[in-house]
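Enquirer: Pasting a predicted model and its sequence here:
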Amino acid sequence: MTLYNKVSLVMLTIVMATILSETSAQEKRSLQEEVENATKALTEAMLKPTAQVLNKLTSDKLSYGHSSGTIETKEQFVNTLVSGASVFEEIQISEQTVYLQDNTAIVRHTLNAKTNDPGKGPASIRLGIMLTWVKSNGSWQLLARQAFKL
């Protein structure tokens, strides 16, 4: 192999590596945006809950942890919101990070909300949240959520 051919091969390898890393970065950004959109959709569904939307966004194996230590199944989580037992009037998300690993994403953020649960009256809450999303059949579903007091 001539020096010219060796140099050409090295240049081709560098170009291909650059293209692949750019594609990988674009794919990662696209997946991150999908997870961010799913998280936003969940927030909107908690403000205006419907069983159809909440069921679509959550895994059948959902483990939904509250800062009080209460753990809900998917059925309990959906029912709590749809029945009006838990009422969110406003939710603001800040300091959000997304970590991707294959078809799983971990989202962490701070949740500031105004609630008005029956029998409890208006309240303001500030919680740390960790969400675990799994991509299944082309869409992201919430597998686990844990809230903690800040």
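Expert: Structure received.

Enquirer: could you point out the longest strand in this structure?
Expert: strand 121-136 (DSSP state E).

Enquirer: What mean pLDDT does it get?
Expert: Across strand 121-136, the average pLDDT comes to 96.

Enquirer: same check, this time on stretch 108-117
Expert: Mean pLDDT, stretch 108-117: 97.

Enquirer: Off-centre distance for it?
Expert: 15 Å (CA atoms, centre = their mean, to the nearest Å).

Enquirer: any idea how far Glu90 is from the spatially most central residue of the chain?
Expert: Residue closest to the mean C-alpha point of the chain, counted by CA atoms, centre = their mean, is Thr39 at 4.3 Å. Noted for Thr39: a distance of 16 Å to Glu90, by CB to CB, to the nearest Å. (Each C-beta comes from the backbone N, C-alpha and C, glycine too.)

Enquirer: Lys28 looks like it's in a strand, true?
Expert: No - the assignment for Lys28 is helix, going by DSSP: H, G, I helix; E, B strand; the rest coil, so no strand is present there.

Enquirer: Mind telling me what element the closest residue in space to it that isn't next to it in sequence is part of?
Expert: Nearest residue to Lys28, sequence neighbours excluded (CB to CB, 6 or more residues apart in numbering): Leu100, at 6.3 Å. Using DSSP states H and E, the element containing Leu100 is strand 88-101.

Enquirer: which residues of the chain score low on pLDDT?
Expert: 1-23 (pLDDT under 70).

Enquirer: Whichever strand or helix holds Ser59 - which strands sit beside it in the sheet, and in what orientation?
Expert: Secondary structure from DSSP H and E places Ser59 in strand 58-65. Strand pairing for strand 58-65, determined by DSSP bridges: strand 71-72 (antiparallel), strand 139-149 (parallel).
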